[in-house]
Structure formats: structure tokens, C-alpha cells
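Colleague: below are the sequence and a predicted model for it; my questions follow.
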Amino acid sequence: MKDFKSGINVNQGYYKAFIPQPISKVWQIDDMDVIRLLSLADRQLGRLDMYSEYVNIDLYISMHIAKEATQSSRIEGTQTRMEEAFMHKKDILPEYRDDWQEVQNYITAMNDAVQQLHRLPFSTRLIRQAHKILMQGVRGQHKMPGDFRQSQNWIGGATLNDAVYIPPPHTQVGELMSDLEKFGNDDTNPMPDLLKIALLHYQFETIHPFLDGNGRVGRLMITLYLVSKGILKRPILYLSDFFERYRNLYYDNLMRVRTHNDIGQWFKFFLTGIAETAKQGVSTFDGILQMQRTLDARLKPLGNRVGDARKVIDSLYRHPVTDALAVSNIIGKSNVSAYKLIARLEEVDIIHEITGGQRDRVYIFKDYIDLFR
């Protein structure tokens, strides 16, 4: 890593664009701090993945993805909360519906990409398909969804003249993305996978291959790569929350690679994010198990409605926002029975009403959602 050169600034007339060096090559890691953090991140990730063996992870996947979608979109300026991600569009205030739609697109893109991994490798094709879904019907929908850009873009500033960073010219994008794909799929390369995805994320954000949506796609890539390589059995680790909490460091460390050739600092930041996020994930699953152990005592006062209550709670793990119609469908009974059950679940503090209206009331599984905040 001591000899690492990130790339060069090339004159494009009245501005200079940064052209990164290809990454598909043999790497020598000689920074002991990086190696130490790599060991820590691997251990924490292993502990998190362990839950896939003895917990029904599929119950909780939707909540993990919703959290990632809201946090990744929040980095781009949206204001959707986690519980709103599970609400119907009609229940979202009109001024926030565009933000809500961006989060919905992220959830759809992640779910689709994870399914595609069953028949596609980690690839530019997979990345472009995810981008196409992300951009449907939202800001950026007219900026070539699913296709690499055919013009110059930039980051920060109103124009190229005052840009904070100018990615490579569009004529370089295809070759650089091919190199990125080759590196990601080269199983003969001895570089550890966590450092590979750290480098892939940096390189992708540096290439900035799309006209819009690069940040969200680049963060989505991290989980897809971990699943594609079997490091995680299910998509239960997402770094956007860490990147959002340390947003300035996130951008500064990416930029520092380009300006100071300091890939080591980026590796340390990224691995710290993996370790902290995995540790938090373990804590969240422990919290879920603890909460489940207390539910029996809380449900006892419901008497003969306990069976129906359990059906509703099982549904709330997948979709922690509900209403009377949904409850009626879950238990297979009338709206009157649904309202009575909802009232009892409110009494024992399992669900909470959030709209404050007399009609079209919406309820959330607050304790569960709070575990992911």
C-alpha cells in the first residue's frame, strides 16, 4: 500500500478530471493497523452471520432493508422515517411523498438485486439494473436510469468551475467499470474480501458512472458483494447508518484517497464501520430475542385473543406498521374483531397509534422499530 497511487488529474480544457488507476492487480497490505481492524471486522461479522443459523432471519430482513433504505437516502437529503417506509403512499404527507418513493425504490432495488444474485454474479449488469430501479419515478428519472453516463458530471458546486470533485470523462467509464468488475470477481486475487469491497466502493464512487444516484448504488453494492461471496448468508449488514452518522468523515476519507493517495485511512474507516455495524446488528438481534421472551407475559391479559395476537405480531416483524384492514385479513375475521384486538394490543403496549385521527388509523410495533433506531 505504500506505493499506492490513486490516479491523476487530466486537463479537459477549462477543467481537470480525475482518472483513477485500475484496481485489478495484486495488492500488498503492509499496515498493521489495517490488518488488526480487518481481524476485528471479520470476527464481528462472523458473530452477526451466526444468527442466520438459529434465528428465522427472513422475519427481520425487511426491517434491515428499510433501515438501510432510509439512511442511505437520508445521506442524499431525504426525510423519510423508518416506520414511514412501511406506510401506504396515501398516509404520507404530500410534501414528503417524493422522499418516500425514493426509499421504496431503494427497497425494491435491494430485494431485486439479492434475488438476481441467485443467477447473476456481482457485475456491472447487476449494478445497472439496481440503478434503473432506483431512478424510476423520482429525481433523476430522466438521467439515463440503468445506463452509464455519456457526459461529464461533478460533485459539489454549481458548475464544473467550482466543483469539489470531477470524476473521469465518460469515455473512460466503460473501461474503468470493466476493471472494477474483473477485480470483484477475481477469486485468485489474495486480497481479503472486506478490503476488496472497501476498495470497490471507493473506486465506484470515484468513477461515479451514473449521472445521478451513485451514492445510493455504491452503498447498496457493499451488501450485495458480501452476500455474493457468501460472507453473509442473508443481507443483514448495511453501512449507510454508519456513513450517515459520520458523514463528513465518510466524504473526507474518500476524497483523501484521491488527493493524498491515502488508501490506508479509507480502509481503516471502512473496517471500523463494518465492525461497529456488525456489533450493533448482534445487539439488535439480542434485543429482538429478549423482547420476544417478554411478549408471553404481556399477552396473558388477552385471554382467548392470544392466538390472533400472535398472528398479528408475527406479521409485524415483517411489516411493523398496520391498520384495521390488515389485522382483519391476518386473523381472518371481521373489522369489528380486528378493532377489538387492536384495542387490546394497545392496552398491553404492543402497538401504538401514530396518525392521531379518528379514521384510517395507523399503528406501529414501536418497541421493535426502536431496536433498529
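Modeller: Now that the structure is in, tell me what you want to look at. Numbers count the residues shown, from 1 in each chain.
Colleague: so which residues of the stretch 51-200 of the chain form helices?
Modeller: 61-75, 97-116, 124-134, 170-184, 193-207 (DSSP state H, counting those that start in this stretch).
Colleague: give me the domain ranges for this structure.
Modeller: 7-280, 284-371 (automatic domain parsing).
Colleague: looking at those, which one is packed in the most?
Modeller: domain 7-280 (a mean of 18; mean count of other Cβ atoms under 10 Å). Backbone N, C-alpha and C define where each C-beta goes, glycine included.
Colleague: how far away from the center of its chain is it?
Modeller: 8 Å (Cα atoms, centre = their mean, to the nearest Å).
Colleague: got the end-to-end distance for it?
Modeller: Domain 7-280 has an end-to-end distance of 35 Å (Cα to Cα, to the nearest Å).
Colleague: same check on stretch 354-366?
Modeller: Note: stretch 354-366 ends 10 Å apart using Cα to Cα.
Colleague: do stretch 255-270 as well
Modeller: Terminal-residue distance, stretch 255-270 (Cα to Cα): 14 Å.
Colleague: what's next to it, contact-wise?
Modeller: 1, 4-7, 18, 20, 31, 33-34, 37, 164-165, 194-195, 198-199, 201-202, 206, 239, 246, 249-250, 253-254 (Cβ atoms under 8 Å, 6 or more residues apart in numbering).
Colleague: hmm, 6 Å instead?
Modeller: Met1, Phe4, Lys5, Ser6, Phe18, Asp31, Val34, Leu37, Ala198, Tyr202, Asn253 (Cβ atoms under 6 Å, 6 or more residues apart in numbering).
Colleague: list the contacts of the fourth one.
Modeller: This points to Ser6. Val257, Arg258, Asn261.
Colleague: list just the nearest of those to Gly281.
Modeller: Val257 (26.8 Å; Cβ to Cβ).
Colleague: that closest one: which element?
Modeller: Using DSSP states H and E, Val257 sits in helix 247-260.
Colleague: same check on Pro22?
Modeller: Pro22 belongs to no helix or strand, assigned by DSSP H and E.
Colleague: I'd say it and Ser178 touch.
Modeller: No: the pair Pro22 / Ser178 is not scored as a contact, 9.3 Å apart, by Cβ atoms under 6 Å.
Colleague: and the end-to-end length of stretch 364-373?
Modeller: Stretch 364-373: ends 14 Å apart by Cα to Cα.
Colleague: go ahead and flag the most central residue of the protein.
Modeller: Glu68 (3.5 Å; Cα atoms, centre = their mean).
Colleague: show me what contacts it?
Modeller: Tyr238, Ser240.
Colleague: do Leu199 as well
Modeller: Leu199 touches Ile23, counting by Cβ under 6 Å, 6+ apart.
Colleague: which residues sit against stretch 41-58?
Modeller: Under Cβ under 6 Å, 6+ apart, the answer for stretch 41-58 is Leu194, Leu232, Lys233, Arg234, Leu271, Ile274, Ala275, Ala278, Lys279, Gly281, Val282, Phe285.
Colleague: those in strands, which ones?
Modeller: Counting by DSSP state E, no part of the contacts of stretch 41-58 is found in strands.
Colleague: okay, the angle between the helix holding Val257 and helix 61-75?
Modeller: 70 degrees (axes from the mean of the first three to the mean of the last three Cα atoms, to 10 degrees).
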